[in-house]
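Colleague: Sequence first, then the predicted structure, then my questions.
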Amino acid sequence: MGRDVAQRRLRAGIVGGGQGAFIGAVHRIAAELDGQALVIAGAMSADPQKAAASASAWYLDRSYESYEEMARAEAGRADGIDFVMITTPNHLHFPVAKAFLEQGIHVVLDKPMTLNLAEAQELVGLVERSKLVFALTHTYTGYPMVRHARELVQRGALGEIRKVLVEYVQDWLMTPEEQTGNKQAVWRTDPARSGAAGCVGDIGTHAANLVEFITGLKISALSADLTAFVAGRRLDDDANMLLHLENGAKGVLSCSQIAAGEENELGIRIYGTKAGLEWHQMEPNTLIFKQPGQPRQILRTNMPYLSDEVKAAARVPAGHPEGYLEAFANLYKLAIADIRRVESGEPVQGGYPTAYDGLRGMLFITRAVESSRRGSSWLELT
């Protein structure tokens, strides 16, 4: 720590995200969108030739054959990276994050945080001891209207929360894509690289995180039913859960990757003693606020009635579409601002998911898998 970052763009590195990957390019666009950072170095594949070709295609200044080499080398350079983006399959999240944290380099990590709960617990300890910025990219918390939904709950507009309905459904794994060589399907359905869960780890964690982010309430217990509908698949591709929230509210969470005809339908409805709200990721600029006996209010991104914090999460005038990449970039904008603060000796301000949210996610995955194996028995998230 103590780098001079006040008058320049931050230097970023990436691990993973090589040719044929999806999320690596998303991270790069998000990190660079606001002109606050530039990706200059990478260890983009375990295959040296692919790593070099991927770095060349991105015009990176430096390419490494391994993340271990990259962490050591960048930490020793006067012009080394300020933070690393980790976009590998899940089994590499922990060792890569550990390598860079131990070299004093800030980390932005894709979710879920680790392969298993034990790694998550150890990583939280590493982050705490390092005093570095650690951000986890639960993308959907970056949307302006999700943040407005949280504000409505915080100021009591919904009253006491009673019920939550959340679903995240897709159809891209309704056939055995992993048998066709689809890179994304191959590792996401492999327990050695994905972890104990498939669909639950990939998208169910987003749904659970959204519940806790908007309501400010932790999921205290769950009863889960996980299924692998596609013959021969080793991890779940569909899940249905009942939830208990810490204030006594009840919830239903459904996630699926075999829901025919669905693209990427993440939606949440929250009901309190005064009002309810509804948000859908495929129409992200709209939040519906519902009061009994009153017309529904259609709330929109970047309108004057929103708070300054929520409006700051939008980049274009009202009525212009913003979406996934901008929401992703909001997390980077907040994390980069905190990296500047830490390097200047100032306290962090947060506003993005952290290692503690990652630990919650791994606890959610672990308990969901265990509950299903026990015949959907109720288990506490402790």
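Modeller: It's in. Numbers count the residues shown, from 1 in each chain.
Colleague: Was I right to think H138 contacts I214?
Modeller: No: using C-beta atoms under 8 Å, H138 makes no contact with I214, being 11.8 Å away. For the C-beta atoms, the positions are set from N, CA and C on the backbone; glycine is no exception.
Colleague: Looking only at neighbour counts, state which of those two leads.
Modeller: With neighbours defined as other C-beta atoms under 10 Å, H138 and I214 compare such that I214 has more, 27 against 24.
Colleague: Next up, the contacts around that one.
Modeller: Neighbour list for I214: 146, 149-150, 153, 268, 270 [criterion: C-beta atoms under 8 Å, 6 or more residues apart in numbering].
Colleague: which SS state does it fall under?
Modeller: Classification of I214 by DSSP: H, G, I helix; E, B strand; the rest coil places it in helix.
Colleague: With A41 instead?
Modeller: A41 ends up strand, using three-state DSSP.
Colleague: Quick check: beta-bridge partners of it?
Modeller: G13, R62 (DSSP bridges).
Colleague: and it, what does it touch?
Modeller: Contacts of A41 (C-beta under 8 Å, 6+ apart): 11-14, 60-64, 70, 74, 81.
Colleague: which one of the residues you listed is nearest G181?
Modeller: Closest approach to G181 among the contacts of A41 (C-beta to C-beta): I14, at 24.0 Å.
Colleague: quick one: low-confidence ranges for the stretch 51-200 of the chain?
Modeller: For the stretch 51-200 of the chain, no stretch is flagged by pLDDT under 70.
Colleague: Strands along that one, start to end?
Modeller: 62-63, 83-87, 106-109, 134-136, 161-169 (DSSP state E, counting those that start in this stretch).
Colleague: Can you give me every residue that contacts the residue nearest to M113 when sequence neighbours are not counted?
Modeller: Excluding the flanking residues, the one nearest M113 by C-beta to C-beta, 6 or more residues apart in numbering is G358, at 2.9 Å. Residues in contact with G358 (C-beta under 8 Å, 6+ apart) are 109, 111-114, 120, 123-124, 136.
Colleague: thinking again about what came up before, can I get the strands of the stretch 51-200 of the chain in CSV with mean neighbour count and distance to I29?
Modeller: Putting the strands of the stretch 51-200 of the chain into CSV (neighbours: other C-beta atoms under 10 Å; distance: least, C-beta to C-beta, whole Å) gives the following:
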stretch, mean neighbour count, distance to I29
strand 62-63, 18, 20
strand 83-87, 27, 11
strand 106-109, 26, 13
strand 134-136, 26, 16
strand 161-169, 21, 22
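Colleague: out of those strands, nearest to F22?
Modeller: Where the strands of the stretch 51-200 of the chain are weighed against each other on C-beta to C-beta, the nearest is strand 83-87, at 9.0 Å.
Colleague: Just give the strands next to the closest one in its sheet, each with its orientation.
Modeller: Going by DSSP bridges, the partners of strand 83-87 are strand 10-16 (parallel), strand 106-109 (parallel).
Colleague: Phi first, then psi, for the spatially most central residue of the chain.
Modeller: The chain has H138 as the residue nearest its centroid, 1.9 Å off, counting by C-alpha atoms, centre = their mean. Here is the backbone geometry of H138 (degrees, to the nearest 10): phi -80, psi 90.
Colleague: if we can go back for a sec, mind putting the strands of the stretch 51-200 of the chain into TSV with distance to L222?
Modeller: Compiled in TSV, the strands of the stretch 51-200 of the chain are given as follows (distance: least, C-beta to C-beta, whole Å):
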stretch	distance to L222
strand 62-63	43
strand 83-87	28
strand 106-109	24
strand 134-136	21
strand 161-169	12
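Colleague: quick one, which of the ones you listed is nearest to I23?
Modeller: Of all these, strand 83-87 comes closest under C-beta to C-beta, at 5.1 Å.
Colleague: hmm, who's touching the closest one?
Modeller: Against strand 83-87 from outside (C-beta under 8 Å, 6+ apart): 10, 12-17, 21, 23-24, 27-28, 31, 37, 39, 70-71, 74, 92-93, 96-97, 100, 105-110, 133, 335-336, 339.
Colleague: circling back: which of the contacts of G358 has the largest number of neighbours?
Modeller: M113 (31 neighbours).
Colleague: quick one: the residue in the chain sticking out farthest from the centre from G261, how far?
Modeller: For the chain, the residue at maximal distance from the C-alpha centroid (C-alpha atoms, centre = their mean) is G293, at 36.6 Å. Distance of G293 to G261, computed by C-beta to C-beta, to the nearest Å: 35 Å.
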